[in-house]
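> Quick one, structure for this:
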Amino acid sequence: MKISKLIATAAVALVFSPIGSVPAYAQEAGTVTPNFAAAIPNIPGKSLIAVEVELAPGQVGDPHMHADSAFIYAYVVSGAIESKVDNEETRIYHAGESWSERPGAIHAISRNVSQTEPAKLLAVFIVDSDDKEMVKPVK
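All right, here's what the predicted structure looks like:
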């Protein structure tokens, strides 16, 4: 299963499950772990979902988009991740750095730059509560 599908599965599971009952989703090259999910009480119809994404050494994610309503904040917890969103320049983000993705953005590049160490990021989604597909492949 590809990393973008794992994020989608984890995020959707979070929306409909208590946080403690959702297991980590693993694949040979990486892991997506649900971190948090809740409706935003003062913004009717919106939810906040967070997942931890660990990329194996050298792992490259497929180009993707997120739910049509999704605003995403990505924070690099450890390692270094190369990222390109829309027409922005390709950039390497190190632990402690972050970027955002506006609704409708195409995340063309997402790659762990290290060939020997894993990298981890926290992806925080603000989405319409009824959105079901958190990640969509770009063809």
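> Distance of I126 relative to N87?
Using Cβ to Cβ, to the nearest Å, we find I126 at a distance of 22 Å from N87. (Glycine included, C-beta is placed from N, CA and C.)
> cool, and T116?
Plainly put, T116 is 32 Å away from N87 if you go by Cβ to Cβ.
> cool, and A74?
Computed with Cβ to Cβ, the distance linking A74 and N87 is 18 Å.
> Would you map the helices across the protein?
3-16 (DSSP state H).
> dump the residue contacts of the spatially most central residue of it.
Taking Cα atoms, centre = their mean, the centroid of the chain lies closest to A123, which sits 4.3 Å from it. Contact analysis of A123 by Cβ atoms under 8 Å, 6 or more residues apart in numbering lists I7, A50, V51, E52, V53, I72, Y73, A74.
> Identify the bridge partners of it.
V51, A74 (DSSP bridges).
> State the distance from it to Q115.
Applying Cβ to Cβ to A123 and Q115 gives a distance of 23 Å.
> for S83, same thing?
Separation of S83 from Q115 (Cβ to Cβ) stands at 17 Å.
> who's more crowded, these two?
Of the pair S83 and Q115, S83 is the one with more neighbours under other Cβ atoms under 10 Å, namely 21 against 7.
> OK, contacts around the more buried one?
Applying Cβ under 8 Å, 6+ apart, the residues near S83 are A74, T90, R91, I92, Y93, W99, H107, I109, S110, R111.
> And these, which is closest to F36?
Taking Cβ to Cβ as the measure, F36 lies nearest A74 of the contacts of S83, at 14.6 Å.
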